[in-house]
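**Student:** give the three-dimensional model of this entry:
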Amino acid sequence: MPTLLPPSPHALALAIALTLPTVKMAHAQQSQAPLPPKTVAEVLGLLEDFANDPTIKTTLIATNSKDNILNSALGMDDDLLTLQLDGIQEHAFDGGEGFNVLRLEANHGATLTETRNFQGLDVPQGNWTVQGTGDFQFGALVRNSATLINQGTIVGDAFVAQGATYGGNGKVRNLIVEGTLHVNPTQGAAWVGEDLTLAEGSTLVYDIAQNGDGAKVQVEGTAKIDNAALTVKAADTAYPDPLYFTVIQAGKIEGEFGEVNSDLLYLTPALHYSETTVDLAYTRNERRLEDGAGSDNGREAANGLEPDSTAPGTPRNAEDTDTPLNTENTNTPDSPVNRGNPAGTGNGALDALLTSTQHQAADALEQLAGGANANLANITQNSARPVVGSLLATLRQGSDAPAQFDSGNGRVWVQALGNSTTTDRAHASRALQQRTHGVVVGADWSVNETWSLGLLGAKSQTQVDGRRFDADLDNWYLGAYAIGQRGPLALRLGATYGSHSGDTQRNLAFKGYRDTLKGSFDSSTQQAFAELGYQMGSANLSAEPFVSLGYERYQRASYQEKGGDAALRVERQSRQNLNNTFGLRLAQFTLLDNGMALMPSLSAGWKHTYGDLQSKTRQSFVSTGKGFTIEGAAQDRDSLVLAAGLDLRLSEHHTLGVGYQGELSSNNRSNGLTGQWRMSF
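**Tutor:** Below is the predicted model:
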């Protein structure tokens, strides 16, 4: 039976003094000894009576206290010493003579390295660690919301109230738990010299380390389990090591756990009881991998990753195999964990996923899906559009200017461009930021009074940054264009072909699994446009309403990532769309006194895109070969197209200009700047 009382008459008198400190020693020895307390409530009553007795000497030591009592005995009186300290206390707290109780009340808690001559320990609040040995003969009480980590020896019994936590690998005579008993590999597990009682409503929290290490509760006497709950925490554990564990080893096991919980989604802990042990084994439960997904892409990846060998119901515990639980050579505090026969899948990514919580599984599957691969079309076309945009800006400038602004039968022009685009900007975790910079060179000449023809070439580089995703594109372009002008009516035509070489890198990190996956791909883009504008206004100020029709096509070859078990084979991707834009362009021509001329311009338009706007690609895990489809950010059906420019004619043949081009929509946003030099001849 748990007891706070050693059987000696002097100790009995002290126990009565704990309840009635004013009773004299001689009278106490003649009195009938009180029954030993069995519950937290009984111990709490004894301690409260002791603390409230006016004959007890009370002492408070706070964090800022300068009292020299820290390294000296309290004296001959019965004492209540209250500590409100934080941090590691390298002081020997000595209760001296009499019957003494140590009360720990710091908000955050502290570590006590040594205590002497204290018969009782009261922990009302805070997170405390005791490291001393051979103190607290009449035991300890851990109250609601407090935590006591015993790394030493409590000679008496320890009572753990509801809402309180007891942990550590220290030794205690009897341990009565109405709150939480915490076991983890770092702090170890309780060592009980006599009996352990896990009362109904209490919880044993059992932590498993990432490397699979665990600890077990050692009970010399009887471990009484009164329908307590067992919560297994293995969220940081790498599969498949944590297969078999001994949770409690005792001289005798009485009762069973009522409720067994785990933070793992796909593995369920199962308990095995013997006369002297409570053992834990994991089983693969009935949940499918897709049950942990938080998105359509995650569900697709789960279906592509789950081979038949890990389907729900596959045996993964001792009862379903020929390997029995080893209850003699199990995880003592100083010995390795008994892991049995590892039963991993051989796929590191899948093994890590199988030991995930719901939240971890959603994140892991999102990473495994490689959703950014479906956005390669968006990325590549976003890098190609500034080339057509800069070409259109150049063709419009030629139409806007008065005849004397660009004299001659031909011209050569060079543009430096820089563009920044955000894809899927409504979802921060999936958004891709890309930057493109390059140069466009063109030349055109007059065929007759109405038409001019031209050619262009361009080179650009694109860098893409996303969550655990990076990409680089090397882009080359060739194009042809034509300008037709008859009175106020202007027709602009153009087509470009782009060749793109890309490299991608995905950096996966979840549940201890790390993988760097690299891919290389080739793709091409084709763009064509026809724009019709009608110029109105005077020679110096013009307004041009315009309508344009555009065509875009994208093609990418299949490729395979290089890396670990999460590597993907990404199938080819293609799409094509038509679009039209209605807008208005304003321009002003100002001749300066020094002979130079200045022409600012501004345009705005509404762009509507036709066809399938989704960005999907088919891919499969190299390790399983199962195909699945993922989806990237969709193109927007409608967007606002903006452009602004400022040209300065330096001389009859030379012109400098700067310009802005932007396209704004719900999912995507693109902004670009250009600088241009033109020479007419």
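
**Student:** and the pLDDT for Asn107?
**Tutor:** Looking at Asn107, its pLDDT is 79.

**Student:** try Val183
**Tutor:** So, for Val183, pLDDT stands at 95.

**Student:** report the contact partners of it.
**Tutor:** Gly167, Ala189, Ala190, Leu204, Val205, Tyr206, Asp207, Gly214, Ala215, Lys216, Val217, Val247 (CB atoms under 8 Å, 6 or more residues apart in numbering). Quick note: C-beta positions are derived from backbone N, CA and C, even for glycine.

**Student:** then Gly454?
**Tutor:** By CB under 8 Å, 6+ apart, the neighbours of Gly454 are Gly442, Ala443, Asp444, Trp445, Ala480, Tyr481, Ala482, Ile483.

**Student:** what separation do you get for it and Arg585?
**Tutor:** Distance, Gly454 to Arg585, by CB to CB, to the nearest Å: 20 Å.

**Student:** do the same with Leu432
**Tutor:** 31 Å.

**Student:** settle it for me: which of the two has more neighbours?
**Tutor:** Neighbours were counted for Leu432 and for Arg585 using other CB atoms under 10 Å; Leu432 has more, 24 against 21.

**Student:** list the residues that contact the more buried one.
**Tutor:** Contacts of Leu432 by CB under 8 Å, 6+ apart are Ala372, Asn375, Asn378, Ile379, Thr422, Thr423, Asp424, Val464, Asp465, Gly466, Phe469, Ala633.

**Student:** going through these, which ones are buried?
**Tutor:** Buried members of the contacts of Leu432, counted by 16 or more other CB atoms under 10 Å: Ala372, Asn375, Asn378, Ile379, Thr422, Thr423, Asp424, Val464, Gly466, Phe469, Ala633.

**Student:** the third one: helix or strand, and which one exactly?
**Tutor:** What that stands for is Asn378. Per DSSP states H and E: Asn378 is located in helix 376-400.

**Student:** how far is that helix from where the chain is centred?
**Tutor:** 38 Å (CA atoms, centre = their mean, to the nearest Å).

**Student:** next SSE after it?
**Tutor:** Scanning onward from helix 376-400 (DSSP H and E), the first element met is strand 410-423.

**Student:** which parts of that following strand are buried?
**Tutor:** Arg411, Trp413, Gln415, Leu417, Asn419, Ser420, Thr421, Thr422, Thr423.

**Student:** now the element after it, going C-ward?
**Tutor:** Following strand 410-423 toward the C-terminus (DSSP H and E): strand 432-446.

**Student:** report the angle between that following strand and strand 410-423.
**Tutor:** 160 degrees (axes from the mean of the first three to the mean of the last three CA atoms, to 10 degrees).

**Student:** and the angle for strand 432-446 with helix 376-400?
**Tutor:** Going by the same axes, to 10 degrees, strand 432-446 makes 40 degrees with helix 376-400.

**Student:** report the buried residues of strand 432-446.
**Tutor:** Counting neighbours by 16+ other CB under 10 Å, the buried set in strand 432-446 is Leu432, Gln434, Thr436, His437, Gly438, Val440, Gly442, Ala443, Asp444.

**Student:** which strands border the helix or strand following that strand, and is each parallel or antiparallel?
**Tutor:** Later in the chain than strand 432-446, the nearest helix or strand by DSSP H and E is strand 451-466. Partners of strand 451-466 in the sheet, by DSSP bridges, are strand 432-446 (antiparallel), strand 469-486 (antiparallel).

**Student:** buried residues in strand 451-466?
**Tutor:** For strand 451-466, a neighbour-count test (16+ other CB under 10 Å) marks Ser452, Gly454, Leu456, Ala458, Ser460, Thr462, Val464, Gly466 as buried.

**Student:** please produce a markdown table containing the residues you listed, extended by distance to Asn579.
**Tutor:** Listed next are those as a markdown table, based on distance: CB to CB, whole Å:
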| residue | distance to Asn579 |
| --- | --- |
| Ser452 | 25 |
| Gly454 | 23 |
| Leu456 | 21 |
| Ala458 | 21 |
| Ser460 | 22 |
| Thr462 | 21 |
| Val464 | 23 |
| Gly466 | 26 |
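
**Student:** on contacts alone, who are the packing partners of the strand or helix carrying Glu114?
**Tutor:** Glu114 belongs to strand 110-116 when assigned by DSSP H and E. Counting contacts by 3 or more CB pairs under 8 Å, 6 or more residues apart in numbering; DSSP states H and E, strand 110-116 packs against strand 87-94, strand 100-104, strand 127-130.

**Student:** just to revisit the earlier point, could the contacts of Leu432 go into a markdown table alongside distance to Glu286 and pLDDT?
**Tutor:** Shown next, in a markdown table, are the contacts of Leu432 (distance: CB to CB, whole Å; pLDDT from 0 to 100):
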| residue | distance to Glu286 | pLDDT |
| --- | --- | --- |
| Ala372 | 32 | 93 |
| Asn375 | 35 | 93 |
| Asn378 | 39 | 93 |
| Ile379 | 40 | 94 |
| Thr422 | 42 | 90 |
| Thr423 | 38 | 86 |
| Asp424 | 35 | 80 |
| Val464 | 40 | 95 |
| Asp465 | 40 | 94 |
| Gly466 | 35 | 91 |
| Phe469 | 33 | 95 |
| Ala633 | 35 | 91 |
